[in-house]
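Participant: here is the input, now give the coordinates:
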Amino acid sequence: MDLTRRKAWSRRRALAWSLVVASALLPFSIDAWGHAFVSRSEPRSGATLGESPAQVRIWFDGPIEPLFASLRVEDGNKRRVDRGDGRVDTDDVRLLQVGLPQLSPGRYGVAWSVIARDGHRREGTFSFLIK
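Facilitator: Presented below is the predicted three-dimensional model:
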């Protein structure tokens, strides 16, 4: 083979190996996508509300495990104020929710913890204000 053909052959072989390596790593990158990240919440983080919400709802970008999900709402004195019925919605396994009684004006903290279907734990907090 002449030099031009050998270079072309080497480039094709390098491309083929790159494709083999990329396809071998693909399952690992898909696994990284499995973490559960918050898509949105009601009320929103930092929201100021004119009246008490009936519940707190948090949507994630992927399914979460119902057995390992928790959601807690506390008042400014760190007392739990939710109804204690936190759960993953049976119709939408991306939705974590808890009921609330009528809340007085003040700042409330929300703490959540979930495990994604891939086994990765995520947790977070946010607050909202009722005027």
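
Participant: low-confidence ranges, this protein, go.
Facilitator: Applying pLDDT under 70 to the chain picks out residues 1-3, 6-34.

Participant: now with 50, please.
Facilitator: For the chain, the stretches with pLDDT under 50 are 18-32.

Participant: and the residue nearest the centre of it?
Facilitator: Central residue of the chain (C-alpha atoms, centre = their mean): F37, 2.1 Å from the mean position.

Participant: contacts only, for the closest residue to it other than its chain neighbours.
Facilitator: Of all residues not flanking F37 in the chain, D61 sits nearest, at 4.9 Å (C-beta to C-beta, 6 or more residues apart in numbering). C-beta coordinates here come from the backbone N, C-alpha and C atoms, glycine included. By C-beta atoms under 8 Å, 6 or more residues apart in numbering, D61 lies in contact with 36-39, 94.

Participant: much appreciated, bye for now.
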